[in-house]
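**Student:** with the input below, show me the fold.
(2 chains)
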Amino acid sequence: MVDVTPADAVPPAEVGEMELYHPHSWWTKYVFSQDAKVIAIQYSATATAIGFVALFLSWLMRLQLGFPGTFDFITPEAYYQFITMHGMIMVIYLLTALFLGGFGNYLIPLMVGARDMVFPYVNMLSYWVYLLAVLVLVASFFAPGGPTGAGWTLYPPQAIMTGTPGGQDWGIILMLSSLILFIIGFTMGGLNYVVTVLQGRTRGMTLMRLPLTVWGIFTATVMALLAFPALFVACVMMLLDRALGTSFFMPAIVEMGQQLQHSGGSPILFQHLFWFFGHPEVYIVALPAFGIVSDLISTHARKNIFGYRMMVWAIIAIGALSFVVWAHHMYVSGMHPYFGFFFATTTLIIAVPTAIKVYNWVLTLWRGDIHLSIPMLFALAFIVTFVNGGLTGLFLGNVVVDVPLSDTMFVVAHFHMVMGVAPILVIFGAIYHWYPKVTGRMLDEALGQFHFWVTFLGAYLIFFPMHYIGLIGVPRRYAELTDMTIMTESAHHLNSFISIMAFLVGFAQMVFLFNLIWSIRHGRDAGGNPWRATTLEWQTPQTPPAHGNFGKELPIVYRWAYDYSVPGAKEDFIPQNVPGSFIPSREPA
Amino acid sequence: MAIALVLVLIVVGSVLFHFLSPWWWTPIASNWDYIDHTIIISFWITGVVFAAVVLFMAYCVFRFRHREGNRAVYEPENKRLEWWLTIVTAIGVTALLVPGLFVWSRFVNVPSDATEIEVVAQQWQWSYRLPGKDGKLGTSDTREVAAENPLGIAPKDPNGQDDVVVEAADLHLPVGKPVKMLLRSIDVLHDFYIPEFRAKMDMIPGSVTYFWFTPTRTGTFQVLCAELCGQGHPLMHGMVMVDTEQDYLTWLGQQQTFAQLSAPQQTGSANPLPGKTMASALDVGAKVETVEAR
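**Tutor:** Residues are numbered from 1 along each chain as shown, chains lettered A, B, ... in the order given. All right, here's what the predicted structure looks like:
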């Protein structure tokens, strides 16, 4: 608790407002902190820790796929538990938590020129509920029957039946409970991010002067606040089906010769609810990445982002459209086939604003002054993998093309490229970029180069060939690929190759983790603005920024976030808080 | 600098891999070569875009890399260029979508002369039902499923009595005749998928879904389940044999109707059902049998 209201006396008038607001004990400063920056680090550290669990699980499944029959302990049950937990952790507990809870908390107040989030106490609660959600998730590994093996999509009826690991044990119950907790925690944080962007901006920081990072995180948060409730009700209903024997998603079923007591429920209703959340979720992860990478490219190419207004409108358009494309995950689900016409059209329309973003990134490079720093390398790698994964999305979104490819390894390759590899490359770029602000020190360059090259090339070599295994027709979620007539000897070799690449890429992440820890003490001193960037977080009086962010006076914003290489200016960047009367800033009107 | 070279290599390598690697789809055995053509169109359009974007990036990185004294050009917007790119993209997307929707309308509109054949999935095996002489399948209900009526055919429906039941065995189809596969499950989601036919569709307990195709060549094709259905999912294989008309009729003549299969029940016999010999080799398949034999 922060002692803002002393129990016995009103504080004397000479104690300043700011003084009252600062934490006064070790616990309130570092553990139960209400400082968005500390909460951001807590979120990021927890997400990274659970992310390494997901990485380890991916190794286990690649052992099985690459070297079938070699590892007896990987039974089909275990394999399905690995894929389920890997997918769920990566999508929800790592990517969503890190982008919104981690980067959102750290960057929003600093970038908009606020002292903190608008509701710091609720913001703190958000983290602790998230931590509880993670602990419940981890508990399922130790529960009788182990974690659920229903696949990360948790489709009923199998998710709550005996044929699926954890279906009639604790696995599915803990999974659903953990998701419900996560959504509660996220909602508390998400409301903060939205209100802070709308209400907490400093003087002069108009919406059209916000850095694209903030636009990306803000739009993603609004989407998440609208999309997560669908998952929330789906989880509650399935929990009722499982625990109390209701039939929201359960029709009449004969399981192993026995008539179950359910009847009248709709399994496909769950799929609609799940994907009403699940598709926006893709963009909840992608939009912050879009925003961040825009700022990385602009800063490290020393050039204004090309077509800023178009970029903002593209973010908003993608956010809105992503709510009317969800059933493209369900083309072969057995829903009414005429839905296919509608959802294929909306899905392909979304490619237009997405393509505009890609053009504007590469056009920002055009006639720039490109510094090939580690963040820039990761940004370039992001464009490659995102374009690759986005284009294969045009296959799967185009309803009839999806029919042979749906539920095959092609889909696995596609979504890993576009919402796994691409956003994670942005996360890495962003960490190399902002680590100096968070710690005051630079990450080690040589280790960073190693990490970049192995991760980028390795990930491409994993997921590019994987599309072709899917093109053969090999289904996803197969614990065994033996006895399959289409699976040739050479395809098995390709799978072994992919597995070896996966081990290498995983190893590179250990090196990255070492770099993160080692550089806290031993990294080169960064100074306040090592990248010579324009946005407000680099203009703080202290690095790392103190509680309250900006010292006595909040900055006043005079210009947009992209005044790089302005003609006539002495330096090749002009921070947002530098008055502009004497320099011809040509920000778009 | 290295990155510019690597970007070029990625484009060249990806294109070479696409054309030279041995991993490609299986020879088609149905009328859905339309789908294959649509995929080829998609590969061409997206391949060109991928190569163009990445090569352009490589050029930028090489040409505009930082050197002492360089300064970027200040250019916030270029409306003409932005609109031009938007329009070209829209045209490209339309070129993908229009043929796709055209083929989709063929896929969902079943020709009137298609024979209806039912596939019934359960953990973890495939069974089939064909209409008898009346050309109609009887109604069915999961609630009717019992040891002596594994597919849940309504016993009171006269249309169902002559239905041919193929339980946990291979399906035969005549070549060149369109078939509408009616898909049904009695437990969890499954998906009836034969890579050579290109078509697939989920099966949902409580609903009947469908797709149609025409087998275009004879042969033996493996059925795979394409929707996660529990721990036996990867072993839920089956076989479909596409026969000449004559072979097909011979096979059909050896099958039993629902009325014949229910006859032992009326006399109280507990003999195993004829189709049973082909039951899935899975342990759980055996478990189902024990349950049914009770």
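**Student:** drop to CA atoms for contacts and neighbour counts, all remaining ones
**Tutor:** Fine.
**Student:** hang on, isn't A:Ile556 packed against A:Pro575?
**Tutor:** No - shown here, A:Ile556 and A:Pro575 do not form a contact pair, counting by Cα atoms under 8 Å, at 10.8 Å.
**Student:** neighbour-wise, which of those two wins?
**Tutor:** In this view A:Ile556 and A:Pro575 are compared by other Cα atoms under 10 Å in any protein chain shown, and A:Pro575 has more residues nearby, 22 against 17.
**Student:** residues near the nearest residue to the more buried one once chain neighbours are set aside, how many?
**Tutor:** Spatially, and ignoring its direct neighbours in sequence, A:Pro575 is nearest to A:Thr534 (3.8 Å; Cα to Cα, 6 or more residues apart in numbering or on different chains). Using other Cα under 10 Å, the number of residues around A:Thr534 comes to 25.
**Student:** surely A:Thr534 touches A:Gln576?
**Tutor:** Yes - taking contact to mean Cα under 8 Å, the distance of 5.7 Å between A:Thr534 and A:Gln576 places them in contact.
**Student:** give the helix, strand or coil label for B:Met181.
**Tutor:** Put simply, B:Met181 is strand when judged by DSSP: H, G, I helix; E, B strand; the rest coil.
**Student:** distance check, it against B:Glu227.
**Tutor:** Taking Cα to Cα, to the nearest Å as the measure, B:Met181 and B:Glu227 are separated by 17 Å.
**Student:** of the two, which one has the most company?
**Tutor:** Between B:Met181 and B:Glu227, counted using other Cα under 10 Å, B:Glu227 has the larger neighbour count: 27 against 22.
**Student:** now do that one against A:Val91, distance only.
**Tutor:** B:Glu227 is 20 Å from A:Val91, where distance means Cα to Cα.
**Student:** kindly report the domain assignment for chain B.
**Tutor:** B:2-64+B:79-108, B:115-293 (automatic domain parsing).
**Student:** identify the bridge partners of the closest residue to B:Val119 other than its chain neighbours.
**Tutor:** What sits nearest to B:Val119 in space, not counting adjacent residues and going by Cα to Cα, 6+ apart, is B:Tyr128, at 4.5 Å. Going by DSSP bridges, B:Tyr128 is paired in beta bridges with B:Val119, B:Val166.
**Student:** tell me the contacts of B:Tyr128?
**Tutor:** When the contact criterion is Cα atoms under 8 Å, 6 or more residues apart in numbering or on different chains, the partners of B:Tyr128 are B:Ile117, B:Glu118, B:Val119, B:Val120, B:Val165, B:Val166, B:Glu167, B:Ala168, B:Leu171.
**Student:** please name every helix or strand in contact with the helix or strand hosting B:Met201.
**Tutor:** For B:Met201, the element it lies in under DSSP states H and E is strand B:200-203. Using 3 or more Cα pairs under 8 Å, 6 or more residues apart in numbering or on different chains; DSSP states H and E as the contact criterion, the elements in contact with strand B:200-203 are helix A:399-405, strand B:179-185, strand B:190-193, strand B:209-213.
**Student:** compare these and give me the one nearest B:Gly253.
**Tutor:** strand B:179-185 (18.9 Å; Cα to Cα).
**Student:** contact partners of that closest one?
**Tutor:** With Cα under 8 Å, 6+ apart as the contact definition, strand B:179-185 has outside contacts at B:110, B:114-122, B:192, B:201-214.
**Student:** let's go with 7 Å and repeat that
**Tutor:** Under the contact criterion Cα atoms under 7 Å, 6 or more residues apart in numbering or on different chains, strand B:179-185 has outside partners B:114-122, B:203-205, B:207-214.
**Student:** quick one: buried residues of stretch A:73-81?
**Tutor:** Of all the residues in stretch A:73-81, those buried under the rule 16 or more other Cα atoms under 10 Å in any protein chain shown are A:Ile74, A:Pro76, A:Glu77, A:Ala78, A:Tyr79, A:Tyr80, A:Gln81.
**Student:** the second one touches B:Gln231, doesn't it?
**Tutor:** In other words, A:Pro76. Yes - contact between A:Pro76 and B:Gln231 holds when scored by Cα atoms under 7 Å: they sit 5.7 Å apart.
**Student:** dump the residue contacts of the residue nearest to A:Thr364 when sequence neighbours are not counted.
**Tutor:** Excluding its sequence neighbours, the residue lying closest to A:Thr364 (Cα to Cα, 6+ apart) is A:Phe306, at 5.1 Å. Counting by Cα under 7 Å, 6+ apart, A:Phe306 touches A:Asn360, A:Leu363, A:Thr364, B:Glu75, B:Pro76, B:Glu77.
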